[in-house]
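Novice: all I have is the shape, not the residue letters:
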């Protein structure tokens, strides 16, 4: 099973987006999550560093500048989705990636407090 480290740049990015109200509170994450084609199109106009900021997890041992390096996406590449943070908490918890789970949980609590 892959191991993940928390991406501190993503945590800071999500906090900034929440603080500036760049979020979606009610969405179907299965529909809103960017698919491979949308990610590829986005990457044609943005850097890997920008792409990384949308992912709470960094896959240990994977090469920077590849999609395999980044996990636990938190938004649609424009706004943070509450449903994405919930999915991150659930998935990280399910697979026992405790640091990512706690980071996602903390960001979810920050979003709820800010939007509340």
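Specialist: Sure thing, it's come through. Since the model is a prediction, treat every value here as computed from it, not as a measurement. Numbers count the residues shown, from 1 in each chain.
Novice: when you work out contacts or count neighbours from here on, use the C-alpha atoms and nothing else.
Specialist: OK.
Novice: just the helices in the chain please.
Specialist: Defined through DSSP state H, the helices belonging to the chain, from first to last, are 8-19, 29-32, 36-43, 48-52, 82-94, 98-115.
Novice: now do the residue lying farthest from the centre of the chain, the pLDDT please.
Specialist: No residue in the chain has its C-alpha farther from the mean C-alpha position than residue 116, which lies at 21.0 Å (Cα atoms, centre = their mean). The confidence metric pLDDT takes the value 86 at residue 116.
Novice: quick thing: my sequence starts at 21, can you match it?
Specialist: I'll keep to 21 as the first residue from here, and by that count the last item is residue 136.
Novice: quick one: it from residue 111, how far?
Specialist: As for residue 136, its distance to residue 111 is 25 Å (criterion: Cα to Cα, to the nearest Å).
Novice: over to residue 49?
Specialist: Distance of residue 49 to residue 111, computed by Cα to Cα: 13 Å.
Novice: tell me which of these two has more neighbours.
Specialist: Regarding residue 49 and residue 111, a neighbour count based on other Cα atoms under 10 Å identifies residue 49 as having more, with 18 against 15.
Novice: check contacts around that one.
Specialist: Residues in contact with residue 49, defined by Cα atoms under 8 Å, 6 or more residues apart in numbering, are 101, 103-104, 107.
Novice: tell me the most buried of the helices of the chain?
Specialist: helix 102-114 (a mean of 20; mean count of other Cα atoms under 10 Å).
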